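Student: quick one: sequence plus predicted model below, questions after.
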Amino acid sequence: MESARVFDAFNDPLMGIVVEKTNTRFGKFRPWIFTGTVTNALILYGLFAMPKSLSGTPMLIYASAAYVLWGVTYTLMDIPFWSMIPAVTATGKDRENLSVIGRTCSSVGFAVPTVLTMLLVTRLGGSEREGFGIFAAGIAVFFVAAEVICVLGIREHQTEKKQVATVGEMFRALFANDRAIIVVVSIILFNASLYLTTQLAIYFFKYDIGNSDLYSLFGTVGGVGQILSMMSLPALRKKWSSKTILTGAISTTIGGYAFLFLLGTFKITNIALLAVAAFIIYIGFGLATVLTTIFLADTVDYGEWKLGQRNESVIFSMQTFVVKLASAVSVLIAGIGIDAIGLDVNAKVQSAGTLFGLRVLMIVVPIAGLLCSIFYFRKKYHLTEEENTNIARELEERRKEHSGHDFN
């Protein structure tokens, strides 16, 4: 499945190019959002409605094919969805609000099924297998209904028709956009660090803390902290700049990690203290997730201003590309790390050296990754809110001037 994740990651930039080359009377984003949603909903249902007659190798082939198709069809919808932010809004305030709403609802949409799935599937249908199929069908229907509302409610700004860049020109423009590359590298470092913790957390709670049931509590409390922090961003922006908030967010997450390391070291299993650690870690994660979306939206304008070429979908495809790639890489690192520290998943008790190694791998290594991400970002990324406003104003003047020339 990890090879499928890598394939899906490299599929994202290609989808970004396809969206950029789309030109219909319904716009370039909405047709793909609708198409991707419907096909993904069907594949989602198919994942959990596997024919009972399948077993062995045929069942494995069915599950693998469905998994790959789910990732591909989700990309059809996801890339144009986030790419619309800089396309339908011009001001930093509007982009901030859209990013906060989108990321907050995304987190809620992830948390609710996570909490409800096992509660409902055992009560739906005659068996747990049938329950999964029914629940997946309900999620698929809700998914389509929600995105149809989005497609019907959004109006894309009509821009003058211009010659579409070639694939090579798009990639050259992307890598020439130094600010976008800086944001992308920072996202890789940040997400790989967090995902490494996610991959190893179940072992940490089972062996180091001694209670695997607390893993669910950790994730639930962390999810609440993430959602609340996302919602707080507009209030924070009234007092601090985006870069300052990002620095504070990552510093907060690092503080939560340090606290969790101490709890593991001294075998403290107090539920309240573990919940506090989760809340602190995910507060920073939530804020950083929204802010990276806003920074990417700003680099779209910067790229057009600097290079004369606007590629929303190609730039935003890099966000999903690096997130998926970071996830795959974190799984690889976790697997190598588990072997290196000698963790035996079949053993009830691990050695002191193994537990210390687990703490280092799950907490200290991610802290190092987070420190690298924020130091790199602060040193390299120099776009300010004032510069973004000036760039947006100059681009608007250019478009008016160009439109006037075309008219004459």
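Tutor: Yes, it's here.

Student: C-alpha coordinates for stretch 234-247, CSV please?
Tutor: Only the C-alpha atoms of stretch 234-247 are listed here, as CSV (Å, rounded to 0.1, in the frame of the first residue of the first chain):
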residue,chain,number,x,y,z
PRO,A,234,-8.7,35.2,12.7
ALA,A,235,-8.6,36.5,16.3
LEU,A,236,-4.8,35.8,16.5
ARG,A,237,-4.2,37.6,13.1
LYS,A,238,-5.6,40.8,14.6
LYS,A,239,-2.6,41.0,16.8
TRP,A,240,0.3,39.1,15.1
SER,A,241,1.6,38.4,11.6
SER,A,242,1.1,35.0,10.0
LYS,A,243,4.8,34.2,10.2
THR,A,244,4.9,35.1,14.0
ILE,A,245,1.8,32.9,14.6
LEU,A,246,3.4,30.0,12.7
THR,A,247,6.6,30.3,14.8
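
Student: avg pLDDT for it?
Tutor: Per-residue pLDDT over stretch 234-247 has a mean of 92.

Student: go through it and flag the buried ones.
Tutor: By neighbour count on 16 or more other Cβ atoms under 10 Å, the buried set for stretch 234-247 is 236-237, 242-243, 245-247. C-beta here means a position set from N, CA and C on the backbone, and glycine is covered the same way.

Student: what helix or strand is the closest residue to Val72 other than its chain neighbours located in?
Tutor: Setting aside the residues directly before and after it, Val72 is nearest to Asn11 in space (Cβ to Cβ, 6 or more residues apart in numbering), at 6.2 Å. In this assignment (DSSP states H and E), Asn11 forms part of helix 2-20.

Student: quick one: list the elements packing against the top helix by length along the chain.
Tutor: Assignment by DSSP state H gives helix 271-307 as the longest helix of the chain. Contact partners of helix 271-307 among helices and strands, from 3 or more Cβ pairs under 8 Å, 6 or more residues apart in numbering; DSSP states H and E: helix 56-88, helix 92-121, helix 167-176, helix 178-203, helix 214-237, helix 242-265, helix 312-341, helix 385-407.

Student: tell me the contacts of the residue nearest to Val290 when sequence neighbours are not counted?
Tutor: Residue nearest to Val290 in three dimensions, not counting chain neighbours: Arg103, with 4.6 Å by Cβ to Cβ, 6+ apart. Contact partners of Arg103, counting by Cβ atoms under 8 Å, 6 or more residues apart in numbering, are 230, 286, 289-290, 293.

Student: between those residues, which is nearest Ala63?
Tutor: Thr289 (29.6 Å; Cβ to Cβ).

Student: so what's that closest one closest to, chain neighbours aside?
Tutor: Arg103 (5.6 Å).

Student: now swap in Asp213 and tell me
Tutor: Nearest non-adjacent residue to Asp213 (Cβ to Cβ, 6+ apart): Phe205, at 8.0 Å.

Student: what is the burial count for that neighbour?
Tutor: 21 (other Cβ atoms under 10 Å).

Student: roughly how far is the helix or strand containing Ala145 from the heart of the chain?
Tutor: Element membership for Ala145, per DSSP H and E: helix 128-153. Centre-to-centre, helix 128-153 and its host chain are 20 Å apart (Cα atoms, centre = their mean, to the nearest Å).

Student: may I see the buried residues of it?
Tutor: Buried residues in helix 128-153 (16+ other Cβ under 10 Å): 131-137, 139-140, 143-144, 147, 150-151.

Student: any stretches of the chain with poor pLDDT?
Tutor: Along the chain, the model assigns pLDDT under 70 to residues 1-10, 90-92, 157-171, 173, 402-408.

Student: quick check on Asn40: phi, psi?
Tutor: Note on Asn40: its backbone torsions stand at phi -70, psi -40 [degrees, to the nearest 10].

Student: just the buried members of the contacts of Arg103?
Tutor: Among the contacts of Arg103, those scoring as buried are 230, 286, 289-290, 293 (criterion: 16+ other Cβ under 10 Å).

Student: who's the closest spatial neighbour of Phe110, skipping the chain neighbours?
Tutor: Distances taken as Cβ to Cβ, 6+ apart put Gly223 closest to Phe110, at 7.6 Å, once the chain neighbours are dropped.

Student: that neighbour: neighbour count?
Tutor: 21.

Student: who's in contact with it?
Tutor: When contacts are counted by Cβ under 8 Å, 6+ apart, Gly223 touches 107, 110-111, 114, 282.

Student: again, only this time at 10 Å
Tutor: Contacts for Gly223 were tallied using Cβ atoms under 10 Å, 6 or more residues apart in numbering; they are 107-108, 110-112, 114-115, 278-279, 282, 286.

Student: closest one of those to Arg378?
Tutor: Using Cβ to Cβ, Gly286 comes nearest to Arg378 of those, at 19.8 Å.

Student: now do that closest one against Ile33, distance only.
Tutor: Distance from Gly286 to Ile33, counting by Cβ to Cβ, to the nearest Å: 24 Å.

Student: equivalent analysis for Arg359, please.
Tutor: Going from Arg359 to Ile33 by Cβ to Cβ gives 43 Å.

Student: out of those two, which sits in the more crowded spot?
Tutor: Ile33 (24 against 21).

Student: so which helix or strand takes in that one?
Tutor: According to DSSP H and E, Ile33 maps onto helix 30-48.

Student: helix 92-121 and that helix, what's the angle between them?
Tutor: 20 degrees (axes from the mean of the first three to the mean of the last three Cα atoms, to 10 degrees).

Student: in helix 30-48, what's buried?
Tutor: So for helix 30-48, counting by 16+ other Cβ under 10 Å, buried means 30-34, 36-41, 43-48.

Student: can you give me how far it is from the chain middle?
Tutor: The mean C-alpha position of helix 30-48 is separated from the chain mean by 19 Å, Cα atoms, centre = their mean.

Student: please apply the same query to stretch 125-136.
Tutor: That offset, for stretch 125-136, works out to 28 Å (Cα atoms, centre = their mean).

Student: okay, now the residue nearest to Gly16 when sequence neighbours are not counted: neighbour count?
Tutor: Of all residues not flanking Gly16 in the chain, Ser317 sits nearest, at 3.0 Å (Cβ to Cβ, 6+ apart). By other Cβ under 10 Å, 28 other residues sit near Ser317.

Student: helix, strand, or coil at Lys267?
Tutor: With DSSP: H, G, I helix; E, B strand; the rest coil as the basis, Lys267 sits in coil.
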